[in-house]
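Visitor: based on what follows, work out the 3D shape:
(chains A and B)
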Amino acid sequence: SQQGEEDPQALSIQEGENATMNCSYKTSINNLQWYRQNSGRGLVHLILIRSNEREKHSGRLRVTLDTSKKSSSLLITASRAADTASYFCATEGSGTYKYIFGTGTRLKVLA
Amino acid sequence: DTEVTQTPKHLVMGMTNKKSLKCEQHMGHRAMYWYKQKAKKPPELMFVYSYEKLSINESVPSRFSPECPNSSLLNLHLHALQPEDSALYLCASSQGNTIYFGEGSWLTVV
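Guide: Alright, predicted model coming up:
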C-alpha cells in the first residue's frame, strides 16, 4: 500500500505547548500536503511542501520534508484548544491525481 | 467560492435500497473524487474523475457506481450495500495540488 504512516497516533498537550507529528511515506513524490479534520467533518488543506523544498512556514505551522528518509513533520506552535482535530499527511504519485492519506494523528489540546 | 457541497448530510438505507449521494462544485475544478472514511481511519480513495472521465477506480465493488454528469457534478449511486459500507463518504475536487473537500455524507446501512 502507498499509504503513509503517521506518529504518534494520538497526542494530548496543554494549551500553549507545541505539537509535533510525523509522517513517513513509501514512494517518490512531487509534493506532500497536510490536512486537518475536525471530528466528523470534511478535511481542510493546511500546507503543501514540494519535493525540492526542505522547510515551509505558514502562520503557526512549520513543515519539514526529508525526501532521503521519505518523511515529513508538522509542527504547530503555541497550540490552542481550537487546534484539537485529526491531522493527515497526503502524497500523490506523479501527476496521477491519486492522493493517498496517512494514518493520521489525533491531537487534543487541553485548555 | 471554495466550496464543495454534498447532499444528503445523513442517509440511512436498507440493504435492498437504491440511493445516490450527490456532490457539486463551482470552482471550475477538472478533477473530482470520492473517498470513503471509517471512524478513526484515514480517507480511502474510491474513484477519481478527470475532465468528466473516470480515471481511477480503486477496485471498488460494483455496488458503488460513480457518475459525472458534467464538470460541476459528481454522483455516487448505491445499490445492495452491506452494513460494513456504513461510513462517511467524502467528495472532493482539485485544481493544481490542493484538494477541497465537502463536509461529507454519513451513510448507515441497516
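Visitor: contacts, neighbours, all on C-alpha from now
Guide: Noted.
Visitor: and residue A:52, how far from residue A:63?
Guide: Residue A:52 is 13 Å from residue A:63, where distance means C-alpha to C-alpha, to the nearest Å.
Visitor: quick check: neighbours shared by the two?
Guide: Shared contacts of residue A:52 and residue A:63 (C-alpha atoms under 8 Å, 6 or more residues apart in numbering or on different chains): none.
Visitor: low-scoring stretches of chain B, by residue?
Guide: For chain B, the stretches flagged by pLDDT under 70 are B:1-2.
Visitor: neighbour count for residue A:52 and residue A:63, which is higher?
Guide: residue A:63 (24 against 11; other C-alpha atoms under 10 Å in any protein chain shown).
Visitor: now that one: which helix or strand?
Guide: strand A:61-66 (DSSP states H and E).
Visitor: strand A:61-66 and the helix or strand following that strand, what's the angle between them?
Guide: Next along the chain after strand A:61-66, taking DSSP H and E as the criterion, comes strand A:71-76. Interaxial angle, strand A:71-76 versus strand A:61-66 (axes from the mean of the first three to the mean of the last three C-alpha atoms, to 10 degrees): 170 degrees.
Visitor: which element is encountered next along the chain beyond strand A:71-76?
Guide: strand A:85-92.
Visitor: write out the residues of chain B neighbouring chain A.
Guide: Contact residues (C-alpha under 8 Å from any C-alpha of the partner chain) of chain B with chain A: B:31, B:41-45, B:48, B:56, B:88, B:90, B:98-104.
Visitor: wait, isn't residue A:7 in contact with residue A:105?
Guide: Yes: if you go by C-alpha atoms under 8 Å, residue A:7 and residue A:105 touch, sitting 6.3 Å apart.
Visitor: excluding covalently adjacent residues, which one is nearest to residue 67?
Guide: By default, I'm working from chain A. Sequence neighbours aside, residue A:51 is the residue nearest to residue A:67 in space, at 6.9 Å (criterion: C-alpha to C-alpha, 6 or more residues apart in numbering or on different chains).
Visitor: that's the wrong chain, I wanted chain B
Guide: With sequence-adjacent residues excluded and distances taken as C-alpha to C-alpha, 6+ apart, residue B:67 is closest to residue B:75, at 5.1 Å.
Visitor: what are the bridge partners for the one you found, then?
Guide: Beta-bridge pairing for residue B:75 (DSSP bridges): residue B:22, residue B:67.
Visitor: what count of nearby residues applies to it?
Guide: Residue B:75: 19 neighbours (other C-alpha under 10 Å).
Visitor: where does the closest residue to chain B within chain A land on pLDDT?
Guide: Going by C-alpha to the nearest C-alpha, chain B is nearest to residue A:42 of chain A, at 4.1 Å. pLDDT recorded at residue A:42 is 92.
Visitor: please state the backbone phi and psi of the nearest residue to it once chain neighbours are set aside?
Guide: Leaving out its chain neighbours, the residue that sits closest to residue A:42 by C-alpha to C-alpha, 6+ apart is residue B:103, at 4.1 Å. When quoted as degrees, to the nearest 10, the phi and psi of residue B:103 stand at phi -80, psi -10.
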